[in-house]
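*Asks:* please find the sequence and the predicted model below.
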Amino acid sequence: MVTIIASSSAFTSRRLMFRISRNYVSAATHKLSSHLNKNGHVLFRHASKSTSDFQPMLFSSSSFEMTANEIQMKDDALKMINASIRAVDPYAAIKRKMVMCKEGDTLETLVVEVDDDDGAEQIKYDMSNYDRIRVFSFGKAAAAMAMAAGEIISSSGKQLDGVAIIKDDHATAEEIELLKEKYNIVVRPAAHPVPDARSVAGSNEILQLAKTSDSRTLVVACISGGGSALFCSPREPLTLDDLMQTNSALLASGMPIEKMNVIRKRLENGKGGKLAAAAFPATVLTLVLSDIIGDPIDLIASGPTVPDDGSGWDDACRLVQEYGLEADGEYALPDTVLNLLRLGKEGQLEDTPKSSHPAFCDSPPLCQTVLVGNNRAAVMAAANQAGQLGYNPVVLGTRIDGEASVVAGTYVAMAEMISQQREHHGVGSYQIAGLPAALIAGGETVVTIPAECNGKGGRNQELALSAAIKLKEIGLRDVVIASCGTDGSDGPTDAAGAIVDGASVDRIEQTNTGRCAHDAMKNHDAYHFFHDDNADYRSHHLIQTGPTGTNVADVMITLIK
């Protein structure tokens, strides 16, 4: 077993540890060791290597000739990925944002920074106004966020309880026990991305606690990516099976997550401001680790604690038509769901709470939301690391979306243009960066999967495979492209993403009989194309970090020399 420690210096005694299955490690030279540097940053390395930088485990084809530049750029790209993940550690993010201050012997105030500029804008909660504090945490970073919140809040001496709904294997037994025994926060593991009965049980437990809250209760809601599936309570008369079928159809349709959440809000009891409404008249502080492009607070985990002013029944019904979710469509939703949406559109069902609801319209407001981390922080950290490694970094943005294969083509085209400087002694016309160049981007692409498809992969692996094919087609070398999910999970696989170069396709096809890159793309089967447990280190293509404990969408890196 290999252990990854995901923590900050403030968490030295209660580190979040995530296990990597022994099946991921085929040789002793591939084992990882981990430690904290003097600044409290998490460092990961191969035990056989001298570098102290994180080298995420990679798995794929047997060795084939790579250029010296490609070998170096692969190592550099992994260091950039490490920097991006470290920058959005959820425990550290909350510790940076929230602190309990004491004035005199008895007066305590919970202080939360609203922005990262200079801390001038703050929200303050006088603890004398509360008898009880409740922590509701759900998402892929739920355990780390609950731990940080519990540690800070417990110093107030107030009655503390709560529930954290986590994705399976995203917390250790030690962490689960600590949250329960020290902070009275129970942990409920559940399935993701398709919810299960455990998701419903944990969600109903949260909603029941919310309903028993009063005006002297402070609710701290910690929300991160994956929260939409993990915080799942079907609205009558819908069943869990209805929601599971709906989520499967939404995922298969290629609908972006922000649009999925417009529909999800109307099918469940806690989404779209309903958790805050259930907790009224309690005070609600929401801490958000954003996994959605542009950080729309009302869409992250389907906005359970913010008013749903941006969508309605009409919007949900329009998306049904747009993505072929109607009864005779390619990705048909269950009849019960379609009927509920129809009744809502006709005005026969209550919609999600808006800004006029008493939970949101008081002054000062009872419900406030603070963004503690996002994709931009991860991208900027990767760009900063690129600069330190000697590249000329360019941030392409943090709103990258669209089909993964199309986005891959754009990165390859940009790399080809920048590479033309090689023929002009380092100078090219209208170039966005000099050599060596690092193009850093963030966002979340999609993969539209046909109903009959049985391939295995994820959007990051598909982007990398498409890029590898295009690099081969134009014969472009000394370019490395990596795409990685910051949560350590890409689709229904144990990989976070993949990293490729111009020889990756040949290297895999010539050393693995029967594998064909074009067939893999057609079948959306990037995982099986890349995967090879017996490969040597330099030939790995899949990026495998294990659960990182955070989730702020994806980071994409293109390096050119």
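*Replies:* Received, thanks. Numbers count the residues shown, from 1 in each chain.

*Asks:* next SSE after the lengthiest helix in the chain?
*Replies:* When the chain is parsed with DSSP state H, its longest helix is helix 68-87. Once the chain leaves helix 68-87, the next helix or strand it forms, by DSSP states H and E, is helix 90-97.

*Asks:* export stretch 247-266 as PDB, just CAs?
*Replies:* Only the C-alpha atoms of stretch 247-266 are listed here, as PDB (Å, rounded to 0.1, in the frame of the first residue of the first chain):
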ATOM      1  CA  ASN A 247     -28.000  11.300 -13.900                       C
ATOM      2  CA  SER A 248     -26.900   8.500 -16.300                       C
ATOM      3  CA  ALA A 249     -28.800  10.100 -19.200                       C
ATOM      4  CA  LEU A 250     -27.400  13.600 -18.400                       C
ATOM      5  CA  LEU A 251     -23.800  12.200 -18.300                       C
ATOM      6  CA  ALA A 252     -24.300  10.300 -21.600                       C
ATOM      7  CA  SER A 253     -25.800  13.300 -23.300                       C
ATOM      8  CA  GLY A 254     -22.600  15.400 -22.900                       C
ATOM      9  CA  MET A 255     -24.500  18.100 -21.100                       C
ATOM     10  CA  PRO A 256     -22.200  20.500 -19.200                       C
ATOM     11  CA  ILE A 257     -22.400  20.200 -15.400                       C
ATOM     12  CA  GLU A 258     -23.900  23.700 -15.000                       C
ATOM     13  CA  LYS A 259     -26.800  22.800 -17.200                       C
ATOM     14  CA  MET A 260     -27.200  19.400 -15.500                       C
ATOM     15  CA  ASN A 261     -27.700  21.200 -12.300                       C
ATOM     16  CA  VAL A 262     -30.600  23.300 -13.700                       C
ATOM     17  CA  ILE A 263     -32.500  20.100 -14.000                       C
ATOM     18  CA  ARG A 264     -31.300  18.500 -10.800                       C
ATOM     19  CA  LYS A 265     -32.400  21.400  -8.700                       C
ATOM     20  CA  ARG A 266     -36.000  20.700  -9.600                       C
END
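
*Asks:* flag every buried residue along it.
*Replies:* 247, 249-266 (16 or more other CB atoms under 10 Å). Backbone N, C-alpha and C define where each C-beta goes, glycine included.

*Asks:* same thing with stretch 393-412?
*Replies:* Buried residues in stretch 393-412 (16+ other CB under 10 Å): 393-396, 398, 400-401, 403-405, 407-412.

*Asks:* can you count the residues close to residue 84?
*Replies:* Number of residues near residue 84 (other CB atoms under 10 Å) recorded here: 28.

*Asks:* about what we covered before: among the buried residues of stretch 247-266, which lie within strands?
*Replies:* Per DSSP state E, strands hold no members of the buried residues of stretch 247-266.

*Asks:* what's the pLDDT at the nearest residue to residue 296 once chain neighbours are set aside?
*Replies:* For residue 296, ignoring the flanking residues on the chain, the nearest one in space by CB to CB, 6 or more residues apart in numbering is residue 258 at 6.3 Å. We have a pLDDT of 79 for residue 258.

*Asks:* swap in residue 206?
*Replies:* Looking at residue 206, its pLDDT stands at 98.

*Asks:* kindly report the same for residue 36.
*Replies:* Reported pLDDT for residue 36: 33.

*Asks:* next, the contact list for residue 416, please.
*Replies:* By CB atoms under 8 Å, 6 or more residues apart in numbering, the contact set of residue 416 is 474, 476.

*Asks:* next secondary structure after the helix or strand harbouring it?
*Replies:* Applying DSSP H and E as the criterion places residue 416 in helix 404-419. Using DSSP H and E, the helix or strand that follows helix 404-419 in sequence is strand 437-443.

*Asks:* quick one: contacts of that following strand?
*Replies:* Contacts for strand 437-443 (CB under 8 Å, 6+ apart): 80, 293, 375-376, 378-379, 382-383, 386-387, 389, 391-401, 411, 414-415, 418, 433, 552-560.

*Asks:* buried sites along stretch 176-186?
*Replies:* Using 16+ other CB under 10 Å as the test for burial, stretch 176-186 gives 176, 178, 179, 183, 185, 186.

*Asks:* what residues does that stretch touch?
*Replies:* Applying CB under 8 Å, 6+ apart, the external contacts of stretch 176-186 come out as 14, 135, 137, 143, 146-147, 150-151, 153-154, 160-164, 187, 205.

*Asks:* same thing but at 7 Å, please
*Replies:* For stretch 176-186, contacts defined as CB atoms under 7 Å, 6 or more residues apart in numbering pick out 14, 135, 146, 147, 150, 154, 160, 161, 162, 163, 164, 187.

*Asks:* for stretch 495-506, same thing?
*Replies:* The contact list for stretch 495-506 (CB under 7 Å, 6+ apart) reads 58, 64-66, 70, 74, 77, 460-461, 464, 467-469, 471-472, 476-477, 479-485, 488-490, 517, 526-527, 530, 541-545.

*Asks:* span of it from start to end?
*Replies:* Counting by CA to CA, to the nearest Å, you get 22 Å between the two ends of stretch 495-506.

*Asks:* now do that stretch: distance to the chain's middle.
*Replies:* 21 Å (CA atoms, centre = their mean, to the nearest Å).

*Asks:* swap in stretch 376-386?
*Replies:* Taking CA atoms, centre = their mean, one finds the center of stretch 376-386 at 16 Å from the center of the full chain.

*Asks:* give me the contacts around that stretch.
*Replies:* Contacts for stretch 376-386 (CB under 7 Å, 6+ apart): 79-81, 83-88, 393, 395, 398, 438, 440-442, 486, 552, 555, 557.

*Asks:* just stretch 276-283 next, same as before
*Replies:* 207, 210-211, 213-215, 217-219, 284, 305, 353, 357-359, 366-367.

*Asks:* now these: which count as buried?
*Replies:* Buried subset of the contacts of stretch 276-283 (neighbour count, 16+ other CB under 10 Å): 207, 210, 213, 217-219, 284, 305, 353, 357, 359, 366-367.

*Asks:* which of those lies closest to residue 522?
*Replies:* When these are ranked by distance to residue 522 (CB to CB), residue 305 comes first, at 42.8 Å.

*Asks:* got the contact list for the closest one?
*Replies:* For residue 305, the contact set (CB under 7 Å, 6+ apart) comprises 221, 273, 275, 276, 284, 286, 367, 369.

*Asks:* gap between the closest residue in space to the second one that isn't next to it in sequence and residue 298?
*Replies:* When you say that, I think you mean residue 273. Excluding its sequence neighbours, the residue lying closest to residue 273 (CB to CB, 6+ apart) is residue 353, at 4.2 Å. From residue 353 across to residue 298, the span is 11 Å (CB to CB, to the nearest Å).
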